[in-house]
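Colleague: my questions are about this predicted structure, shown below with the sequence.
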Amino acid sequence: MPKHPTSPEPDRPAPRWTRRAVIAMPAAAAVLAGTAARASADDRMSAAAWETVISGSFAGRQALESEWNYLYPWGSDHNGTARMYASSTDNNHLYLSPSGQLNIKATRIDWDEGTSSKDPHLPIHYHSGAIHSKELITVSDQFPNYEIRGEFQAPSARGTWPAFWITGANSWPPESDILEYKGDARNWFNTYDGSWDNTVVPVSSPGSWHEYRIWMTKVSGADVDIHYYLDGTWKGAHRGSNFVGEPMHLIINLQMEGSSGSSGPGGDTYFRARNVYVGRSRA
């Protein structure tokens, strides 16, 4: 699940950080900035070949397992109260619809299962599901541009904490949260490079289908710019320092409580995804 200053990744020293928050942007400025960013990206793309990394991976179990691993990259637990139970034989917490839709279900448990093995070691109240990409996302001279997008029906009730995000495979930071709801109808577009950038966007009916997207491009030997979009509309841009050369996992998961508040729902909670796509330019 996305890491936050109150719950740093365990076994790594808590970094010094500052939080820089942006609540949406004026429409005219957003359009101009987004157009300029896209034009600049198109210029850089003129000398590069585009290739697809992930597409159509929810067509069936074979397709899913060719592109994704179950659970978090580090296991079943993280910084909320849900323990991930998805597996190749589990059709309860993670299953596919014939239409090419991924369904993750969090179910509240009524027995004592101890506490999460990850900081801040909250008591386990739910069983849920997560997947992470087999292909690592690494911005480099060879792959200077990435597009990552997907369509989601996301829960936003108190105690629900769905996410679609990338995080460092070997270290933390880097991190970019493309979708993150923390118990209300606002999506948090976050970038973490030792300090946090946040663009917080109110979303009408998060439980309906919306597309969440980033365009990430190399801007120096160490840094990237990440442009965040909701339903095709540019919402903000963050500089990711020291992202270049750092391999990252793409994760889809439904965590519960923690930063989204408590108590969470007493019944089942669903997080649905379709048309998840990763593409990159090869210089």
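Modeller: Here it is on my side, so go on. Residues are numbered from 1 along each chain as shown.

Colleague: who are the packing partners of the helix or strand encompassing H249?
Modeller: Using DSSP states H and E, H249 maps to strand 248-256. Applying 3 or more CB pairs under 8 Å, 6 or more residues apart in numbering; DSSP states H and E, one finds that strand 248-256 contacts strand 82-84, strand 101-108, strand 126-128, strand 130-133, strand 160-168, strand 269-282. In short, each C-beta sits where N, CA and C put it, glycine included.

Colleague: for T138, which non-adjacent residue is spatially closest?
Modeller: P247 (4.6 Å; CB to CB, 6 or more residues apart in numbering).

Colleague: repeat for Y181
Modeller: S156 (4.7 Å).

Colleague: the one you found against L179, yeah?
Modeller: No: between S156 and L179 there is no contact under CB atoms under 8 Å: 10.9 Å.

Colleague: who has more neighbours, those two?
Modeller: L179 (26 against 19; other CB atoms under 10 Å).

Colleague: my guess is the more buried one contacts W165. True?
Modeller: Yes: under the criterion of CB under 8 Å, L179 makes contact with W165 at 7.4 Å.

Colleague: give me the most central residue, this protein.
Modeller: W165 (1.6 Å; CA atoms, centre = their mean).

Colleague: that one bridge partners, please.
Modeller: Taking DSSP bridges as the rule, W165 bridges to D177, I251.

Colleague: likewise A130?
Modeller: Applying DSSP bridges, one finds that A130 bridges with N253.

Colleague: cool, E51 as well?
Modeller: R280.

Colleague: confirm that L64 lies within a strand, as I assumed.
Modeller: No: using DSSP: H, G, I helix; E, B strand; the rest coil, the assignment for L64 is helix, not a strand.

Colleague: what's near enough to touch it?
Modeller: If you count contacts by CB atoms under 8 Å, 6 or more residues apart in numbering, L64 has them with S57, F58, L96, L102, I131.

Colleague: wait, which of those residues is closest to K218?
Modeller: Lowest distance from K218 to the contacts of L64 (CB to CB) belongs to S57, with 25.5 Å.

Colleague: quickly find the element holding the residue nearest to Y181.
Modeller: Of the helices and strands defined by DSSP H and E, none includes S156.

Colleague: coming back round to it: okay, and the common contacts of S156 and L179?
Modeller: Common neighbours of S156 and L179, counting by CB under 8 Å, 6+ apart, are absent.

Colleague: return the helix or strand in the chain with minimum mean pLDDT.
Modeller: strand 19-23 (a mean of 44; mean pLDDT, DSSP states H and E).

Colleague: before we move on, the earlier item: out of the helices and strands packed on strand 248-256, which gets nearest to W215?
Modeller: strand 269-282 (10.2 Å).

Colleague: can you name every helix or strand that that closest one contacts?
Modeller: Checking 3+ CB pairs under 8 Å, 6+ apart, strand 269-282 ends up next to strand 49-54, strand 101-108, strand 145-153, strand 160-168, strand 248-256.

Colleague: tell me which residues are up against the shortest one.
Modeller: Put plainly, it is strand 49-54. Taking CB under 8 Å, 6+ apart as the rule, strand 49-54 contacts E67, S133, E135, I137, L250, V276, Y277, V278, G279, R280, S281, R282.

Colleague: and the third one, helix, strand or coil?
Modeller: Put simply, E135 is coil when judged by three-state DSSP.

Colleague: what about the nearest residue to it once chain neighbours are set aside, distance to L71?
Modeller: Once flanking residues are discounted, E135 sits nearest to V53: 5.3 Å by CB to CB, 6+ apart. In this view, V53 and L71 are 21 Å apart by CB to CB, to the nearest Å.

Colleague: okay, these two: which has more neighbours?
Modeller: Higher neighbour count among V53 and L71: L71, with 21 against 18, using other CB under 10 Å.

Colleague: which residues does the closest residue to that one other than its chain neighbours contact?
Modeller: Distance criterion CB to CB, 6+ apart; nearest residue to L71, sequence neighbours excluded, is M84 at 4.8 Å. Contact analysis of M84 by CB under 8 Å, 6+ apart lists 70-72, 75-78, 93, 127-130, 253.
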